[in-house]
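Colleague: give me coordinates for this.
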Amino acid sequence: MTHYAGRCLCGAVHYQIDAEPLVARICWCRTCQKIAGNGTANALFPAAAITVTGDLACYVSTADSGNQISRQFCPACGSHLFASSSANALFRVVRIGTLDEPSAVPPQLNIWTGSAPNWACLDPALRAEVGQPPPPAVSGPR
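Modeller: The predicted structure follows:
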């Protein structure tokens, strides 16, 4: 079984993932730019495969789609770790930079390129989506 581990900047929150990512991407939506000052590298994993140790704070906002987005971060150091959408509770967004081995999950596409600033470094080898692509197919518990 594939194992990934990660943590926040201060180490108060640790997590383990026992699954392969469903997709990995660099997001250029305006919200991600405000979170990171740039595009954010993130991967979608099955939510049930993620185990978290430590306390998380949460900020909930409404996306342009109308979905509720919950962004979870370390209350001590502020590291943004996860996000989830009310549209699909079966997966969770993990910020690739918080993985202990971020090179293990390379991005496959750029999303929200229509919102990217003109100075954005978009890898031409990656597929580009102007907006939000449909979520990956995920099967629920049986």
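Colleague: only C-alpha atoms, please: export the least confident helix or strand in the chain by mean pLDDT in CSV.
Modeller: Within the chain, confidence by mean pLDDT, DSSP states H and E is lowest for helix 30-36 among all helices and strands, at a mean of 90. Taking Å, rounded to 0.1, in the frame of the first residue of the first chain, the C-alpha atoms of helix 30-36 are listed here in CSV:
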residue,chain,number,x,y,z
ARG,A,30,-8.0,33.8,-6.9
THR,A,31,-8.7,32.1,-3.6
CYS,A,32,-5.6,29.9,-3.8
GLN,A,33,-3.6,33.0,-4.9
LYS,A,34,-4.7,34.7,-1.7
ILE,A,35,-3.8,31.7,0.4
ALA,A,36,-0.3,31.4,-1.0
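Colleague: against which helices or strands is the helix or strand just after it packed?
Modeller: Downstream of helix 30-36, the next assigned helix or strand under DSSP states H and E is strand 40-46. Packing partners of strand 40-46 (3 or more CB pairs under 8 Å, 6 or more residues apart in numbering; DSSP states H and E): strand 23-27, strand 88-95. Backbone N, C-alpha and C define where each C-beta goes, glycine included.
Colleague: nearest to residue 5, out of those?
Modeller: strand 88-95 (11.0 Å; CB to CB).
Colleague: quick check: angle from that closest one to strand 23-27?
Modeller: 60 degrees (axes from the mean of the first three to the mean of the last three CA atoms, to 10 degrees).
Colleague: sheet partners, orientation included, of strand 88-95?
Modeller: With DSSP bridges as the test, strand 88-95 is paired with strand 40-46 (antiparallel), strand 80-85 (antiparallel).
Colleague: endpoints of stretch 43-50, how far apart?
Modeller: 12 Å (CA to CA, to the nearest Å).
Colleague: now find how far off-centre that stretch is within its chain.
Modeller: Centre-to-centre, stretch 43-50 and its host chain are 10 Å apart (CA atoms, centre = their mean, to the nearest Å).
Colleague: what lies in contact with it?
Modeller: 15-25, 82, 84, 89-94, 96, 105, 135-136, 138, 141 (CB atoms under 8 Å, 6 or more residues apart in numbering).
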